[in-house]
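Colleague: sequence first, then the predicted structure, then my questions.
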Amino acid sequence: MDTPKKIISFKRYHSISKYAILTIWKIRKPRINKKRIHNLTVNSFYFHLKGCSSMPLSHQDQVTLLKDILTNHQTDCCGSVAECEQLERLVKSLMVNAEVDQNVKNILQEVYQYSQYGAGTADLDQHILSNQGNLSSWVSNIDQFS
């Protein structure tokens, strides 16, 4: 059985402040300044990115990230436009790096075409499904040459 809720008689509590009544009945809600929270979040994110920009990824870290994204596309059979754009940036960065093997650079050209088409297509999941064989061979070949 549900217990009936008590009704406050304000005449009885006329000497108690409104704050005390709200505290007693636990209906006081904290005031949240959403604009301040948004500004703190945006600023924290900006300073985090600013701090990360002074510490670039090594070419081996970039290769690892590239393989991770390609492996995720292969195993999940789905991805996002942001991931395709990230692939493009990684490939561009690796293509100008002298430490990267020429065989890997040939694979990177194919990955770049894959990512460009993926970023512009309306059905990204279908694009990823149609390239399942390429994804696995790219990852294994990059492993072999790097």
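Modeller: Right, received. Where do you want to start? This structure is a prediction, so every number in the text was calculated from the model and none was measured.
Colleague: so residue 91 is in contact with residue 110, correct?
Modeller: No - Residue 91 is not in contact with residue 110 according to CB atoms under 8 Å; the separation is 9.5 Å. For the C-beta atoms, the positions are set from N, CA and C on the backbone; glycine is no exception.
Colleague: in terms of neighbours, single out the busier of those two.
Modeller: residue 91 (22 against 15; other CB atoms under 10 Å).
Colleague: which SSE is the more buried one in?
Modeller: For residue 91, the host element (DSSP states H and E) is helix 81-95.
Colleague: do the same with residue 79
Modeller: Per DSSP H and E, residue 79 falls between elements, in no helix or strand.
Colleague: which pLDDT value belongs to it?
Modeller: At residue 79, the model reports a pLDDT of 92.
Colleague: likewise residue 50?
Modeller: Confidence at residue 50, expressed as pLDDT, is 48.
Colleague: in terms of helices and strands, where is the residue lying closest to residue 131 once chain neighbours are set aside?
Modeller: Spatially, and ignoring its direct neighbours in sequence, residue 131 is nearest to residue 114 (5.9 Å; CB to CB, 6 or more residues apart in numbering). Mapping residue 114 onto the secondary structure by DSSP H and E places it in helix 102-120.
Colleague: buried set for that helix?
Modeller: Using 16 or more other CB atoms under 10 Å as the burial criterion, the residues of helix 102-120 that qualify are 104, 107, 108, 111, 112, 114, 115, 118, 119.
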